[in-house]
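Engineer: The sequence and its predicted three-dimensional model are supplied below.
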Amino acid sequence: MTTRRDFIKRTTIAAALFPFSRFLKIKLPVKGTSGTKPIVLSTWSFGVPANAEAWKVLGSGGWALDAVEAGVKIPEGDPNVRSVGYGGLPDRDGHVTLDACIMDENANCGSVACIEHIKHPISVARLVMEKTVHIMLVGEGALMFALENGFQKENLLTPESEKIWKDWLNKSNYTPKDVNVNHDTIGMIALDSNGRLCGACTTSGLSWKIHGRVGDSPIIGAGLFVDGDVGAATATGIGEEVIRISGTHTVVEFMRQGYTPFEACKMTVERALKKRKYKRDDIQVGFLALNKDGEYGAYSIAKGFQYAVYSNEENNILKDSEYKQ
């Protein structure tokens with residue numbers, strides 16, 4: 001039987017704990033949550049076929065690291081995707097330079113930046129992780145490492161992308177609004193049936209960028225971050241703005257404090273906006289996050305950011321992220 005004294009005691013304790021509730025593992029109503037495993041998520045509409053490829057690994061009980069590598073190789077090799085890999089739009093000098101990184105549940109990671117002539121930079125990034133004591137290789141050194149490990153040198157500038165570049169050369173505009181297009185990264189995060197969280201991120205970066213520019217995608221803690229005890233996050237949009245706030249690391253740290261993936265993404269987007277005071281139409285930054293329990297969420301500054309989900313419960317569907325009003 002509950003006495004009046006017991007009731008007062010319990011309510012007093014609850015009131016005392018309320019200011020610290022965000023640090024407790026409380027199940028709150030969240031947006032975009034599944035809470036299932038295995039599960040894979042990735043950015044943008046090309047994440048749908050990418051997830052389908054990743055699911056071939058996850059659905060058979062495989063490692064999330066193998067899944068994310070296999071998944072992002074689909075848009076990397078698709079010449080019709082203008083912002084990733086083969087067929088990506090070049091820099092202002094006509095060079096297709098690629099960035100990629102990969103990370104597993106134990107904080108092992110590898111990265112390549114500003115690499116040319118290699119169709120699948122994500123696989124080079126994995127070899128950096130597995131075969132060297134380093135985390136990142138760049139430019140000519142990254143290309144040399146890839147060739148030494150059996151990768152083939154290819155021309156990544158397709159006739160279609162070359163035509164778009166030459167048309168751009170007639171005006172050579174490089175204003176913020178021009179930069180805020182054709183920047184769609186494929187970021188993929190997955191949780192396998194054994195509870196292992198892994199992620200991958202790969203892109204050809206901003207079209208018409210200055211040769212040598214590197215965005216957030218190959219930077220651990222910016223374009224991608226994984227903590228196997230907490231969660232994983234990936235980013236899309238203007239990389240410079242993601243780097244300024246160590247975006248994905250920030251998302252994961254918010255989840256560590258007990259926030260949901262959706263809340264963590266939203267708070268990180270708001271931090272990016274506060275730092276730079278952009279108008280919504282001038283910039284796009286979005287985050288996609290997954291926690292160790294299989295719950296996920298996404299948030300972006302501007303409308304239009306979509307992400308794909310594949311699990312036993314949600315069979316490769318495309319969702320719209322929340323965005324800042």
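Structural biologist: Sure, I can see it.
Engineer: Kindly confirm whether my reading is correct that residue 302 touches residue 269.
Structural biologist: No. The criterion here is Cβ atoms under 8 Å, and residue 302 misses it with residue 269 at 10.0 Å. The C-beta positions use only the backbone N, C-alpha and C, and glycine is treated the same way.
Engineer: Give me the more crowded residue out of those two.
Structural biologist: A count of neighbours by other Cβ atoms under 10 Å puts residue 269 above the other of residue 302 and residue 269, at 28 against 19.
Engineer: So which other helices or strands are in contact with the helix or strand hosting that one?
Structural biologist: Residue 269 is located in helix 261-276, with elements delineated by DSSP states H and E. Using 3 or more Cβ pairs under 8 Å, 6 or more residues apart in numbering; DSSP states H and E as the contact test, the elements touching helix 261-276 are strand 231-237, helix 239-244, helix 247-256, strand 285-291, strand 296-300.
Engineer: wait, which of these is closest to residue 96?
Structural biologist: Counting by Cβ to Cβ, residue 96 lies closest to helix 239-244 out of the helices and strands packed on helix 261-276; the figure is 16.6 Å.
Engineer: what residues does the closest one touch?
Structural biologist: With contact meaning Cβ atoms under 8 Å, 6 or more residues apart in numbering, helix 239-244 is reached by 183, 205-206, 214-217, 219, 222-223, 235, 247-248, 272, 275-276, 278, 283, 285.
Engineer: hmm, 7 Å instead?
Structural biologist: Helix 239-244 is contacted by residues 215-217, 219, 222-223, 235, 272, 275-276, 283, 285 when judged by Cβ atoms under 7 Å, 6 or more residues apart in numbering.
Engineer: quick check: mean pLDDT across stretch 73-84?
Structural biologist: What stretch 73-84 shows for mean pLDDT is 96.
Engineer: Buried ones in it, by neighbour count?
Structural biologist: In terms of neighbour count (16 or more other Cβ atoms under 10 Å), stretch 73-84 has its buried residues at 73-76, 78, 81-84.
Engineer: Show the contacting residues for residue 228.
Structural biologist: Residue 228 makes contacts with 105-106, 196-197, as judged by Cβ under 7 Å, 6+ apart.
Engineer: let's see 8 Å
Structural biologist: By Cβ under 8 Å, 6+ apart, residue 228 lies in contact with 104-107, 196-197, 292.
Engineer: Most neighbours out of those residues, which is it?
Structural biologist: Within the contacts of residue 228, most neighbours by other Cβ under 10 Å means residue 197, with 28 neighbours.
Engineer: Does it touch residue 226 like I think?
Structural biologist: Yes. Using Cβ under 8 Å, residue 197 is in contact with residue 226, at 5.4 Å.
Engineer: what sits in contact with each of these two?
Structural biologist: With Cβ under 8 Å, 6+ apart as the test, residue 197 and residue 226 both reach 105, 189, 232.
Engineer: any idea of the pLDDT on residue 205?
Structural biologist: Note for residue 205: predicted pLDDT of 93.
Engineer: Equivalent analysis for residue 247, please.
Structural biologist: Residue 247 carries a pLDDT score of 98 in this model.
Engineer: What about residue 273, how many residues nearby?
Structural biologist: 17.
Engineer: nope, residue 60 is what I meant
Structural biologist: By other Cβ under 10 Å, 10 other residues sit near residue 60.
Engineer: which SS class is it?
Structural biologist: Following DSSP: H, G, I helix; E, B strand; the rest coil, we place residue 60 in the coil state.
Engineer: measure it to residue 66 for me?
Structural biologist: Separation of residue 60 from residue 66 (Cβ to Cβ, to the nearest Å): 10 Å.
Engineer: Kindly format the C-alpha coordinates of stretch 237-249 as CSV.
Structural biologist: What follows is stretch 237-249, C-alpha atoms only, in CSV (Å, rounded to 0.1, in the frame of the first residue of the first chain):
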residue,chain,number,x,y,z
GLY,A,237,26.1,19.7,-47.2
ILE,A,238,28.8,22.4,-47.3
GLY,A,239,31.8,20.7,-45.7
GLU,A,240,33.4,23.8,-44.5
GLU,A,241,30.5,24.4,-42.2
VAL,A,242,30.5,20.8,-40.9
ILE,A,243,34.3,21.0,-40.2
ARG,A,244,33.9,24.2,-38.2
ILE,A,245,31.9,22.5,-35.5
SER,A,246,33.3,18.9,-35.8
GLY,A,247,29.8,18.1,-36.8
THR,A,248,29.5,14.3,-36.5
HIS,A,249,31.6,14.1,-33.4
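Engineer: contacting residues for the residue nearest to residue 44 when sequence neighbours are not counted?
Structural biologist: Spatially, and ignoring its direct neighbours in sequence, residue 44 is nearest to residue 184 (5.0 Å; Cβ to Cβ, 6 or more residues apart in numbering). Counting by Cβ under 8 Å, 6+ apart, residue 184 touches 43-44, 46, 83-84, 203, 236.
Engineer: In terms of helices and strands, where is residue 184?
Structural biologist: Residue 184 belongs to no helix or strand, assigned by DSSP H and E.
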